[in-house]
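# All I have is the shape, not the residue letters:
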């Protein structure tokens, strides 16, 4: 019988495989394109989902272990402002910069 741990690992590996397949071959322009309306780019969605995965796997499931985002200093490396811990819906990734975004909805928190 498969345990919860094995099921989570399998699900995360499957998610990462799907992301690799879905994003393979996208240009920077395609990844950062913003459709009209209240939406975000493919690149932001991918970043946000993987940041959430990082937060859940490391911080939540491993007893408040620092996330890869924090321990590797990605906010600083990408020149993004410090917004505290969390996947950060308040910022839209555009190439190597970020800009304030209200496209995540008024109830979203960073």
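Now that the structure is in, tell me what you want to look at. What you see is a predicted model, and the numbers here were worked out from it, not measured in a lab.
# Where does residue 63 fall, secondary structure wise?
Residue 63 belongs to no helix or strand when assigned by DSSP states H and E.
# tell me the pLDDT at it?
According to the prediction, residue 63 has pLDDT 89.
# Quick check: the residue nearest the centre of the chain vs residue 59, distance?
Centroid-nearest residue in the chain, with CA atoms, centre = their mean: residue 48, separated by 2.4 Å. From residue 48 across to residue 59, the span is 16 Å (CB to CB, to the nearest Å). All C-beta atoms are positioned from the backbone trio N, CA, C, and that covers glycine.
# what stretches of this protein score poorly on pLDDT?
The chain contains residues with pLDDT under 70 at 1, 82-110.
# after the lengthiest helix in it comes which helix or strand?
Longest helix in the chain, counting residues (DSSP state H): helix 4-23. Using DSSP H and E, the helix or strand that follows helix 4-23 towards the C-terminus is helix 28-32.
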